[in-house]
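**Student:** I'll drop the sequence and a predicted model, then ask my questions.
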Amino acid sequence: MSIRAENLVWKVGSKTIVNDVSLIAKPGEMLGLLGPNGSGKTSLLRLLAGLKRPLSGQVTLDGQSMDRIRRRSIAQRVAFIEQHATTNANLKVVDVVKLGRFPHRSMFSGWTSDDDSAVNNALDRTELTAKRNDTWQSLSGGEKQRAHLARALAQSPKELILDEPTNHLDVHHQISLLRLVSELAVTSIIALHDLNHAAMFCDRLLVMQAGKIVASGAPEDVLTSALLRDVFSVEAHVSPSPYHAKPHIHFVR
Ligand SMILES: Nc1ncnc2c1ncn2[C@@H]1O[C@H](COP(=O)(O)OP(=O)(O)OP(=O)(O)O)[C@@H](O)[C@H]1O
């Protein structure tokens, strides 16, 4: 396995936010994390990225407890795109993307052609090459989100964790980001609110409710009318799409 969580518990005061969560993300798969607002998705992703420590339970990377792995080694392999990521406003886009190379460089090594090609490739894949010299401040919300993805790609991660990465994007960029992530040879764990997009692109889905995982499996097994009613309080019909064969959800007005 790539990332594994074993019985993670995280609390704030007496409130349990992540409640005994276990999961496995297999190498190369795209794992979708679904759940209503406040169900604990961001908290779980921060535990998986090593940004928070669980009260109990553990996260392992290729079988090794994250607690025992140096921060720099974690940064060399795990990239995290946060929901409300901020960046120093005085930087150019290309400089923000270059930050992704930081964990791979030692104090004495100079900037290499490998670093350059990782940055150029990341800008290209996120359709930001034309904006490389623009200032961060001048970007739209969606362009900033794509630049954060570019920085994460430049990091050449083995695991990519994304917290609602499409929430500011127009539909073209939503689809292209999800297609790009699904085609990358990395393990990805991605929190999404758009259930049809999750069904189209993710290999497997996990559904959270009140801090617990209440369903997991292939999109066609997880996304049922009953689950949508119980967890999301919506009435919907689910059927295989005639276009891509994945489940498609028709919400009932
Ligand atoms: N540092 C904190 N202090 C207090 N409460 C917190 C903290 N972090 C998270 N919570 C609470 O934990 C719950 C889960 O929050 P979280 O952000 O993980 O949910 P989410 O599923 O990502 O929500 P959304 O879909 O709205 O982004 C919420 O009720 C939130 O208020």
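**Tutor:** Structure's in. What do you need? Numbers count the residues shown, from 1 in each chain.
**Student:** list the buried ones in stretch 130-148?
**Tutor:** Neighbour counts over stretch 130-148 (16 or more other C-beta atoms under 10 Å) mark 131-132, 136, 139, 142-148 as buried. C-beta here means a position set from N, CA and C on the backbone, and glycine is covered the same way.
**Student:** can you redo those as TSV with distance to the ligand?
**Tutor:** Formatted as TSV, the buried residues of stretch 130-148 follow (distance: C-beta to the nearest ligand atom, whole Å):
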residue	distance to the ligand
Lys131	27
Arg132	30
Trp136	24
Leu139	22
Gly142	18
Glu143	21
Lys144	18
Gln145	15
Arg146	20
Ala147	21
His148	16
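**Student:** Those in helices, which ones?
**Tutor:** The helices, defined by DSSP state H, take in 142-148 from the buried residues of stretch 130-148.
**Student:** Could you list the residues of the chain in contact with the ligand?
**Tutor:** Within reach of the ligand by C-beta under 6 Å from any ligand atom, the chain has these residues: 12, 17, 35, 37-43.
**Student:** how about those, which pair is most distant?
**Tutor:** Greatest spacing in these, by C-beta to C-beta: Val12 and Gly35 (17.5 Å).
**Student:** just to revisit the earlier point, could you flag which of the residues of the chain next to the ligand are buried?
**Tutor:** Buried subset of these (neighbour count, 16+ other C-beta under 10 Å): 17, 35, 39-43.
**Student:** Can you tell me which of those end up in strands?
**Tutor:** Ile17 (DSSP state E).
**Student:** In three-state terms, label the spatially most central residue of the chain for me.
**Tutor:** The centroid of the chain falls nearest to Leu162 when counting by C-alpha atoms, centre = their mean (1.6 Å). Following DSSP: H, G, I helix; E, B strand; the rest coil, the label given to Leu162 is strand.
**Student:** Pull out the buried residues from stretch 196-205.
**Tutor:** 196-202, 204-205.
**Student:** Find the pair from those residues with maximum spatial separation.
**Tutor:** Asn196 and Arg204, at 16.1 Å, using C-beta to C-beta across these.
**Student:** before we move on, the earlier item: what about the residue nearest to the centre of the chain, distance to the ligand?
**Tutor:** Leu162 sits 12 Å away from the ligand, going by C-beta to the nearest ligand atom, to the nearest Å.
**Student:** these two touch, right, that residue and Ser188?
**Tutor:** Yes. With contact defined as C-beta atoms under 8 Å, Leu162 counts as touching Ser188 (6.6 Å).
**Student:** Which parts of the stretch 51-200 of the chain are strands?
**Tutor:** Under the criterion DSSP state E, counting those that start in this stretch, the stretch 51-200 of the chain contains strands at 56-61, 64-65, 78-81, 159-163, 187-191.
**Student:** which neighbours does the second one have in its sheet, and in what orientation?
**Tutor:** Listed by DSSP bridges, the sheet partners of strand 64-65 and their directions read strand 56-61 (antiparallel).
**Student:** the inter-axis angle of the strand it pairs with versus strand 187-191?
**Tutor:** Between strand 56-61 and strand 187-191, the angle comes out at 130 degrees (axes from the mean of the first three to the mean of the last three C-alpha atoms, to 10 degrees).
**Student:** I am finished for the moment; much appreciated.
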